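Novice: structure for this input, please:
(4 chains)
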Number of protein chains: 2
Amino acid sequence: MRLRQIEVFHAIYTSGSMTNAARLLNVSQPSISKVLAHAEQQLGYPLFDRVKGKLVATPEADRLFGLVSNVYDHVEQLRQVAENLRSSDVGKVRVAATPAFGVDLLPTAISSYLAGHKDTEFEIETLHHDEINEALLASRIDIGLAFDAVPTPGLKSETIARGEFVVITPTDIDLGSDGPVRIEDIADLPFIGLSSRGPLGRLLTSYLEAANAARGSGVSIIDSVTARPTSGENIRCWPIDPPLQYAIDVITSDSMPPSILGKRFIEHIRQVVADHLTS
Amino acid sequence: MRLRQIEVFHAIYTSGSMTNAARLLNVSQPSISKVLAHAEQQLGYPLFDRVKGKLVATPEADRLFGLVSNVYDHVEQLRQVAENLRSSDVGKVRVAATPAFGVDLLPTAISSYLAGHKDTEFEIETLHHDEINEALLASRIDIGLAFDAVPTPGLKSETIARGEFVVITPTDIDLGSDGPVRIEDIADLPFIGLSSRGPLGRLLTSYLEAANAARGSGVSIIDSVTARPTSGENIRCWPIDPPLQYAIDVITSDSMPPSILGKRFIEHIRQVVADHLTS
DNA sequence: TCTAGTCTATAGCTACAGGCTATGGGGGAA
DNA sequence: TTCCCCCATAGCCTGTAGCTATAGACTAGA
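Specialist: Numbering: from 1, shown residues only, chains lettered A, B, ... in the order given. Next up is the predicted model:
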């Protein structure tokens, strides 16, 4: 018996006639007639006797009805759940990000996401790269957000945006131009180094070494995500030349794909990051 | 979700891959691929993540699998029962017949039926016409067997054969010819009357009255069903002219159609009666 | 690094379940 | 009788699901 045949049989048995069943299922009466006839033909015996143009259930139909009801109920429940999974916002998303995101970008993203999805719960952690990977592999979190994720077995990372490093200076330092700053222009200024911990620090370190730049204090080169919330407070950002790009990656586990809520939130982050970097 | 989609999802989830599921369900792999893709498209979200060419169940699939398993099990059970109802001989058939059948025909029919269907149970009763009708309407029996059933509301009768009345005589009475016997030929012989109870008696009575036949003792006119088991024991049967026919009817209830076993047995009776009357 | 084996996706085809409208016949009630 | 209700059939169309052949991605082993 196909599921449709079960539904039709159920409708006929409970409503008492094909005509009523057709109304119940919002289809035409001949359609019901054909499905029932087909079911009976495949079963090899009639489910209803046609007596004086009306239907009377056979003993076999009586026997089957209980079982059919069970199936029917369970399918109904299945459909309910399947639909809820699709449309509901109820659920929890566990996100971890490196500190740079934790300060400004991630809270902003979650707050604006919650505006449209009030029933979603979040669990946020600020971790470092290797801790994020570890948490993902242990299924302690669903989504990781980091710079320049290193490919790791069992994890999948997707670059959702690329940012650039910028030079930040106190507002009392004037680099003499509004255009991009060359390394040479700040070589003699006091420089605050970035920790070389993590991929981004390493990336920057090798960039600076390649440029033979001196280090001092007062001027710094940092990623634009970190730079953004601090700008305006006596601090000024400058584009850098030659430009140095980094990737913003969303990391997930191979063995435990993100839920629908998770995917939806990743899409949202993608949007927020795009806005963040272009404004 | 259609039932096929549920089956395919169940097979993929349990077997771990589309290829295995295809083997499990004895279909081709592309067929599985298409059904799954179709199901996901209709659900609105993926059930499996395709990671490095393999399938990994999403959290949604995990959630649905329990429910799908339930449905799957219940459908399996339903199919088992539906199949058993079709092919099994297990069950009880309750038959009632008028006395004429109870002597020879019905026991013969049941005995030969049991030869091919050992697991069927029978419950036999010998009742008169009105009692058969009453038992059918009260659902105390499934099938009634009678002569010339009178149409009754709530009951359905089908004529499975027609028999003829015959003249029976002691073998020491010679009617002088091998051909049909005319009423006039036996008008002067001692005649044993048939009870006018029931339709058959009434039928015969009016036949005799129409023929103005006298009654005596020693010669009788009875139905061929009753005549058959008694012939050979110093008794001889003669066809009668003009012929008088009666019907052999199977009666069932409108509100409770016979089961498959019942229908099968009715077919068997039809055969037995045909053989009975032509031999 | 190349190759063989495994798995999934796509294309193009066929079969049939299941939907529709229109229509006809049987039975019961006015 | 006539009307109404119910079921069955005919003819048509669409969508699900099956097939073969083949391509593309990844893994593992030589």
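
Novice: what sits against A:Glu131?
Specialist: A:Ala96 (Cβ atoms under 8 Å, 6 or more residues apart in numbering or on different chains). Using the backbone N, CA and C atoms, a C-beta is placed for each residue, glycine as well.

Novice: quick one: pLDDT of it?
Specialist: At A:Glu131, the model reports a pLDDT of 92.

Novice: helix, strand or coil for it?
Specialist: Three-state assignment for A:Glu131 (DSSP: H, G, I helix; E, B strand; the rest coil): helix.

Novice: and it, how far from A:Ile160?
Specialist: Using Cβ to Cβ, to the nearest Å, A:Glu131 is found at 20 Å from A:Ile160.

Novice: then A:Arg140?
Specialist: Distance from A:Arg140 to A:Ile160, by Cβ to Cβ: 22 Å.

Novice: list the buried ones in the helix or strand where A:Asn70 lies?
Specialist: Here A:Asn70, judged by DSSP states H and E, is contained in helix A:59-87. Neighbour-count burial for helix A:59-87, counted by 16 or more other Cβ atoms under 10 Å in any protein chain shown, picks out A:59-61, A:63-65, A:67-68, A:70-72, A:74-75, A:78, A:81-82, A:85.

Novice: same check, this time on stretch A:151-166
Specialist: A:152, A:155-157, A:160-161, A:163, A:165-166.

Novice: next: stretch A:130-137.
Specialist: For stretch A:130-137, the neighbour count (16+ other Cβ under 10 Å) marks A:131-133, A:135-137 as buried.

Novice: how about the closest residue to chain B within the stretch 101-250 of chain A, secondary structure?
Specialist: For the stretch 101-250 of chain A and chain B, the shortest gap (Cβ to the nearest Cβ) falls at A:Lys156, measuring 6.6 Å. Following three-state DSSP, A:Lys156 is assigned to strand.

Novice: give the contact list for it.
Specialist: Residues in contact with A:Lys156 (Cβ under 8 Å, 6+ apart) are A:251-254, B:51.

Novice: shaky segments in chain A?
Specialist: Residues of chain A meeting the criterion pLDDT under 70: A:169-179, A:181, A:183-222, A:225-236, A:279.

Novice: and for A:Ile12, the neighbour number?
Specialist: Look at A:Ile12: counted by other Cβ atoms under 10 Å in any protein chain shown, it has 27 neighbours.

Novice: repeat that for the one 5 residues further on.
Specialist: The burial count assigned to A:Ser17 is 16, neighbours taken as other Cβ under 10 Å.

Novice: pretty sure it contacts A:Lys54?
Specialist: Yes: at 7.1 Å, A:Ser17 counts as touching A:Lys54 under the criterion of Cβ atoms under 8 Å.

Novice: before we move on, back to that, which ones, among the buried residues of helix A:59-87, also lie beside chain B?
Specialist: A:59-60, A:63-64, A:67-68, A:70-71, A:74-75, A:78, A:81-82, A:85 (Cβ under 8 Å from any Cβ of the partner chain).

Novice: out of the residues you listed, which is nearest to DNA strand D?
Specialist: Proximity to DNA strand D was ranked across these by Cβ to the nearest atom of the strand; first place goes to A:Val75, at 13.5 Å.

Novice: separation between the nearest residue to the closest one once chain neighbours are set aside and A:Val81?
Specialist: Leaving aside its chain neighbours, A:Val75 sits nearest to B:Val71 (5.6 Å; criterion: Cβ to Cβ, 6 or more residues apart in numbering or on different chains). According to Cβ to Cβ, B:Val71 and A:Val81 sit 11 Å apart.

Novice: could I get the phi/psi values of whichever residue of the stretch 101-250 of chain A sits closest to DNA strand D?
Specialist: Residue of the stretch 101-250 of chain A nearest DNA strand D, by Cβ to the nearest atom of the strand: A:Pro153 (8.4 Å). Backbone torsions for A:Pro153, taken as degrees, to the nearest 10, come to phi -60, psi 130.

Novice: which ones are touching it?
Specialist: No contacts exist for A:Pro153 under Cβ under 8 Å, 6+ apart.

Novice: paired strands for the helix or strand harbouring A:Arg162, with orientation please.
Specialist: Here A:Arg162 sits within strand A:155-170, counting by DSSP H and E. Next to strand A:155-170 in the sheet, as set by DSSP bridges, lie strand A:220-223 (antiparallel), strand A:235-241 (antiparallel), strand A:245-253 (antiparallel).

Novice: and it with DNA strand D, contact?
Specialist: No: Strand A:155-170 lies apart from DNA strand D when judged by Cβ under 7 Å from any atom of the strand; the minimum separation is 10.2 Å.

Novice: pull the distance from that strand to the chain's centre.
Specialist: Taking Cα atoms, centre = their mean, to the nearest Å, the mean C-alpha location of strand A:155-170 is offset from the chain mean by 20 Å.

Novice: repeat that for stretch A:33-42.
Specialist: How far stretch A:33-42 lies from its chain's middle: 45 Å, per Cα atoms, centre = their mean.

Novice: again with stretch A:254-266
Specialist: On Cα atoms, centre = their mean, the centre of stretch A:254-266 falls 4 Å from the chain's centre.
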